[in-house]
Structures are given as structure tokens and as C-alpha cells.
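[1] Here is my input; please provide its structure:
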Amino acid sequence: MKKLLLAISMVSFALSAHAADSAALTRWATKALSKCPDSKITVEEMNVPLGPTNFQVFTVTQTSSDKQCGGQKYLLYSPKTDQVLMGSVVPLPADARPAEVRVNEVSNQLLKVDTKTTIAPFPLPDGLHAVTITKQTPYGPFSYHGFIDQGQHFLIISDRSSLREDPSKALLDTLGVSNGVHRGKAKSKVTIVELSDFQCPTCGKAHKTVEPMIAKALGKISYTRLDLPLFEHHQWSLFAALGARAIQKVAPAKYWTYVNYVFENQETIDKQKFDDVLKNFCEDRDLNWAAVEKIYRDPTEKAKLLEQVSHAFDAGIISTPTYIVNGQILGFGPEGKFTIDSIKKAIASAK
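    Got it, this is the predicted structure:
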């Protein structure tokens, strides 16, 4: 997964005759990228001859004192429509085979598994066509999304937005934040979104620090939690997330009790079958286990959860924990100090 999302190939790009507003692109990129400590962002136009049809191409480079935060991406800008895409660009084999076949060949190589590619028949602005790349997992089909350009020469792994639109709106729409579990003041100007994996040790450590801060500030902030189980690395993370979804529907008052319990007992849970963990949790608290189990084992719920993970990947969020404060992703770093300090500042500014 990570290789497809992060693959950046050195290719040549065609530039439009129209000039882009580099200052506007820099402002947009600064909001769209993760906020990192001591961050510096540069946007530079690529002045070479061949690339995605209808787009000017820029490199966006972000440096930070946190070596895990930042990097380089491509930014595609349409002077005609103000459409913006920022992510990875992968050249497709230059031959006469159908685009689906060529995209499938590239994705198979990057993911190292067999995939199935579907290209939407109807064009989007600037001739883009939406692409869905699906692979099978032990839990069901899992999809990645992107685009191919009008010339069908490049696979673009990115979400898309408009230079005229606040990128935070596109981010939150892609994530489906409205489907998360909410607490606090609904219309607060200070919003905090957490994406976390129940089996992730760093998530457990972060929870112990961040949760007390959130709990004390619920009268003045809006807080939302979304599950992001990295199921290919953590064997019971997806089941824990399914358990959370089931408890939220059957006994919503116990949802946060469950969240706290799982994060506080990760090491113990590692040694058990998660079905037993969930059943014992419900029975110990007089929850309707039959009702919880029905949702927990529902294939439809599993498919929805996989789709939720897919949307996070579409937004470029592929690690946990990830916190989004006032619409901007925070780089977590090895100890999370920058994120925790940023959350403290956000809470302090709330009224």
C-alpha cells in the first residue's frame, strides 16, 4: 500500500502556456500539507517537455526539524479550471494496450499482488478519469483511488480539489468525518479529529496523554474519532474497530469506555483471541452481546470499515495516530511532542 501511495517517479512534464500564481499555490499547499515543526515549503515549476495533459506541474518540497515529517510531492495545476492535485505521479507504459491493462501492470508491480483496475467511463474536468485499483485481502476487497490524465500517459495518486477551495474542506469530506464518533461542542471553531489504530502502540501512548486533555475541554471544542486499522500490519486492529462500531450502535454510552479499555490493555489483548476480548467486555458490563455480535460479524460493516480506511489513504493518511486540528493534519513525530503542544494551544484558544 505504502509503496503505491509514495511512489514518485522522475518523469518529464509538459507545461501550459498560462502562468500559475505561485504564491496562491504555495498558500494552498501549505494548508494541504501536514503541519510540521520548523516547516519550510517551496513550490517550484518543472520546466521540461512531457507530462499529464492539461496540467502545469510543480514540485512541492517540505522540510522540517522532524525528519519523519515532510518530503516531496508533485502538484498538478490546471490554469483552465483551477483544479489542483497533489501527490504521486507514475508514468504508464507507453504502448497501445488499453489504459486499464497498463495501470494494472504498474499497480501489480508496486503492490506486489494481483489487482483489478476499473477506469470510470465519463471524464472529469480537464479530461481526468477516476481510477479504482482493487486487491483482495483476508477481510475482503480493498481499493485505492486515483486518476489518469486525458492522454492516458500517467497514473496520478492524489485527491483533487480547487485552488479556490480551502483544502481542509476537501480533506474532511474525503475522510467522511461526519460518519465518525463525536463529542463536545458541535459548532466550536476549534475542531480536533483523531484517526487511530487500536493495536498501534504509539496510538496507545498518545491516547493516555491526549484523552485527558480532550475530556476536560469538551465544553468548548469539537472532537471526532475515526478508526484507521492498519490491518496488514496489526492482526486484531480491524476486529477491534468492528467491535467499536458495534458498541457505538448498541450501547453508545459505553463507546468511550471501550476505547479507553482497548488502548489501556493492548499488551494483554495481544495474547488473546479478540472475539473473546469483545465478548468478555460486553458481558462484564451487561451489554447485549447477541446484538453486538450480530453487527461485529456483519460483512456489510466490515466492507464499510475497509472503505473508511481506503478514504483515509486517498487523503494521504497512512500512519497512526494522525490528528487533524482545525482542518490541518499534524505531523506526529517519534514522541508526538509537536502534536500534543499543538493540541494544547488549540484548546487554549477555544472559547
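[2] quick one: contacts for Ser39?
    Contacts of Ser39 were listed using CB atoms under 8 Å, 6 or more residues apart in numbering, and they are 33, 62-64, 69-70. Just so you know, the C-beta spots here come from the backbone N, C-alpha and C atoms, and that holds for glycine as well.
[3] mind redoing it with 6 Å?
    Ser64 (CB atoms under 6 Å, 6 or more residues apart in numbering).
[4] quick one: it and Glu335, what's the gap?
    Relative to Glu335, Ser39 is positioned 17 Å away (CB to CB, to the nearest Å).
[5] How about Phe122?
    From Phe122 to Glu335 the distance is 47 Å (CB to CB).
[6] Those two - which one has more neighbours?
    Glu335 (12 against 6; other CB atoms under 10 Å).
[7] what's near enough to touch that one?
    Counted by CB under 6 Å, 6+ apart, Glu335 has zero contacts.
[8] Thought Asn47 was touching Phe58, still the case?
    No: Phe58 lies out of contact with Asn47 (CB atoms under 6 Å); the separation is 10.4 Å.
[9] ok, these two, which is more surrounded?
    Between Phe58 and Asn47, Phe58 has the larger neighbour count (other CB under 10 Å), namely 25 against 9.
[10] what about that one, which SS state?
    Of the three states, Phe58 takes strand under DSSP: H, G, I helix; E, B strand; the rest coil.
[11] which residues touch it?
    43, 45, 75.
[12] Pretty sure the last one sits in a strand.
    Yes: read with three-state DSSP, Leu75 is one of the residues of a strand.
[13] Roughly how far does it sit from Thr320?
    The value you get for Leu75 to Thr320, if CB to CB is used, is 26 Å.
[14] residue ranges with poor pLDDT in the stretch 1-150 of the chain?
    1-20, 48 (pLDDT under 70).
[15] Walking through it, point out its strands one by one.
    40-45, 56-63, 71-77, 83-91, 115-119, 129-137, 140-148 (DSSP state E, counting those that start in this stretch).
[16] Run through who's touching the shortest one.
    It refers to strand 115-119. 99-100, 103-104, 107-108, 129, 131-135.
[17] can you redo those residues as JSON lines with neighbour count?
    As requested, those are exported to JSON lines (neighbours: other CB atoms under 10 Å):
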{"residue": "Ala99", "neighbour count": "17"}
{"residue": "Glu100", "neighbour count": "15"}
{"residue": "Val103", "neighbour count": "24"}
{"residue": "Asn104", "neighbour count": "18"}
{"residue": "Ser107", "neighbour count": "25"}
{"residue": "Asn108", "neighbour count": "16"}
{"residue": "His129", "neighbour count": "17"}
{"residue": "Val131", "neighbour count": "22"}
{"residue": "Thr132", "neighbour count": "16"}
{"residue": "Ile133", "neighbour count": "24"}
{"residue": "Thr134", "neighbour count": "16"}
{"residue": "Lys135", "neighbour count": "18"}
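[18] Was I right to think Gln83 contacts Gly127?
    No: under the criterion of CB under 6 Å, Gln83 makes no contact with Gly127, lying 10.6 Å away.
[19] who's more crowded, the two?
    Gln83 (20 against 17).
[20] could you check the distance from that one over to Leu128?
    From Gln83 to Leu128 the distance is 8 Å (CB to CB).
[21] looking at the contacts of Phe58, which has the most residues close by?
    Of the contacts of Phe58, with other CB under 10 Å as the count, Leu75 tops at 26 neighbours.
[22] and the strand or helix carrying Ile343, what does it pack onto?
    Per DSSP states H and E, Ile343 falls inside helix 337-349. In terms of contacts (3 or more CB pairs under 6 Å, 6 or more residues apart in numbering; DSSP states H and E), helix 337-349 is packed against strand 322-325.
[23] what is the mean pLDDT for the next helix or strand after the strand it packs on?
    Using DSSP H and E, the helix or strand that directly follows strand 322-325 along the chain is strand 328-330. Strand 328-330 carries an average pLDDT of 94.
[24] Show me the contact partners of strand 328-330.
    Here strand 328-330 has contacts from 34-35, 323, 339, 342, using CB under 6 Å, 6+ apart.
[25] Format those as a markdown table; extra columns: distance to Asn288.
    A markdown table is the format used below for these (distance: CB to CB, whole Å):
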| residue | distance to Asn288 |
| --- | --- |
| Ser34 | 41 |
| Lys35 | 42 |
| Tyr323 | 33 |
| Thr339 | 37 |
| Ser342 | 40 |
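[26] for stretch 168-183, which positions count as buried?
    168, 170-172, 174-175, 177, 180-181, 183 (16 or more other CB atoms under 10 Å).
[27] go on, stretch 149-159?
    Result for stretch 149-159 [16+ other CB under 10 Å]: buried residues 149-150, 152-159.
[28] again with stretch 51-67
    For stretch 51-67, using 16+ other CB under 10 Å, the buried residues are 51-58, 60, 62-64, 66.
[29] measure the spatially closest residue to His207 that is not a sequence neighbour to Gly316 for me?
    In space, and not counting its chain neighbours, His207 is closest to Phe263: 4.3 Å by CB to CB, 6 or more residues apart in numbering. Phe263 is 25 Å from Gly316, where distance means CB to CB.
[30] Could you do Tyr77 as well?
    18 Å.
[31] So for the two, which sits in the more crowded spot?
    The neighbour count for Tyr77 versus Gly316, taken as other CB under 10 Å, is higher for Tyr77 (27 against 22).
[32] Quick check: bridge partners of the more buried one?
    Gln56, Val84 (DSSP bridges).
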